[in-house]
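Novice: Could you look at this predicted model? Sequence included:
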Amino acid sequence: MKADNNTPLEGMDEEMEDLLREEAIELLKESLSIISQEHAASYDVAKVISVQKQYVSGAVTIFVGQLTDGKTNKQCVITTWEGYPNNIKIKCEGDDAELSFTL
């Protein structure tokens with residue numbers, strides 16, 4: 001789960017450029033909003049440490065950062081899959097299970 005701003009995750013492209021990074025973060029925020037409306041999980045972005053994207057048959061974007069439930073922040077890895085269907089997976093430190101949502 002640990003990655004710094006300068007080290008790409010294994011198999012991933014380099015860190016995204018500023019404009020693409022901001023677009024990816026906005027898409028993540030929209031996805032988390034949909035999850036909070038349709039599921040029993042409510043998260044918002046507290047801090048983004050890194051964003052990396054790789055194109056395969058769709059696009060996989062991996063975010064490393066902090067999510068908040070409004071009370072506490074958790075260090076998490078969030079993986080989004082842009083394809084059909086879209087999918088988001090959330091794995092936070094201290095949580096036993098990885099959450100998976102189809103959007």
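Specialist: Sure, I can see it.

Novice: Kindly state the beta-bridge partners for Gln66.
Specialist: Using DSSP bridges, the bridge partners assigned to Gln66 are Lys47, Gln75.

Novice: Isn't it up against Ala46?
Specialist: Yes: the pair formed by Gln66 and Ala46 meets the contact definition of Cβ atoms under 8 Å, at 4.1 Å. Glycine gets a C-beta too; all of them are placed from N, C-alpha and C.

Novice: Which residues are in contact with each of those two?
Specialist: Asn73 (Cβ atoms under 8 Å, 6 or more residues apart in numbering).

Novice: Grab the most central residue of this structure for me.
Specialist: Among the residues of the chain, Ile78 comes closest to the average C-alpha position under Cα atoms, centre = their mean, at 2.9 Å.

Novice: Could I get the full set of strands for this structure?
Specialist: When secondary structure is read from DSSP state E, the chain shows strands at 44-56, 58-68, 73-82, 87-92, 99-102.

Novice: would CSV of these with mean pLDDT be doable?
Specialist: Listed next are the strands of the chain as CSV, based on pLDDT from 0 to 100:
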stretch, mean pLDDT
strand 44-56, 88
strand 58-68, 91
strand 73-82, 93
strand 87-92, 94
strand 99-102, 93
